[in-house]
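Student: Starting from these lines, generate the structure:
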Amino acid sequence: MTRTPTVLYLDSETTQLDLYERTAALEPEWFEPSVTADSAEARARVESDGADCLVTAQRLGSTTGLSVARSLREAGHDLPIVLHSWEVPDAVLTAEAPPIEAVVTKRTLPRGYRYLHRTVEQVIDEPQAPTA
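Tutor: This next block holds a predicted model:
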């Protein structure tokens, strides 16, 4: 039996975290969800639990999803990171090598969670490039 991947969802909106958990429960064979609204806690969980993927919002109170992604890359973590945001930040569009694998906009709701889960499944299955 194969292990179910753990996906860590980071979002400052608790209603979004609830939706992540509820939609993941509809398809339990897809992912084991882990949720947090705190970016420091997300970094700690990546360090200790070794999540298979991080799905992060862009707006996270005093920080951003891109900042969290950059800090994880700088620390040597190569887990896939998906930005799930209302808008695509200019920094993603203009970066030569953005620290994320995919962007899924929240504007695709309500079907967006199925699309988000398919995107997560794809980035988990793709081999990751080594971090510099």
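
Student: Give me the pLDDT value at the most centrally placed residue in the chain.
Tutor: Geometric centre of the chain, nearest residue: V55, 1.2 Å, by CA atoms, centre = their mean. You'll see V55 listed with a pLDDT of 94.

Student: Now for it: which residues touch it?
Tutor: 7-10, 20, 81-82, 84, 116, 120 (CB atoms under 8 Å, 6 or more residues apart in numbering). All C-beta spots, glycine's among them, are computed from the backbone N, C-alpha and C.

Student: Distance of V7 relative to A91?
Tutor: Plainly put, V7 is 23 Å away from A91 if you go by CB to CB, to the nearest Å.

Student: Quick one: distance of the helix or strand bottoming out on mean pLDDT in the chain to the chain centre.
Tutor: One helix or strand of the chain scores below all others by mean pLDDT, DSSP states H and E: helix 90-94, with a mean of 73. Put simply, helix 90-94 sits 17 Å off its chain's centre (CA atoms, centre = their mean, to the nearest Å).

Student: what does that helix rub up against?
Tutor: The list of residues contacting helix 90-94 from outside it, by CB under 8 Å, 6+ apart, reads 66, 83, 98, 100, 103.

Student: tell me which element the last one is part of?
Tutor: When elements are defined using DSSP states H and E, V103 is found to belong to strand 102-105.

Student: same thing with the fourth one?
Tutor: Element membership for I100 (DSSP H and E) is empty, with no helix or strand holding it.

Student: what about it, neighbour count?
Tutor: Neighbours of I100 under the rule other CB atoms under 10 Å: 20.
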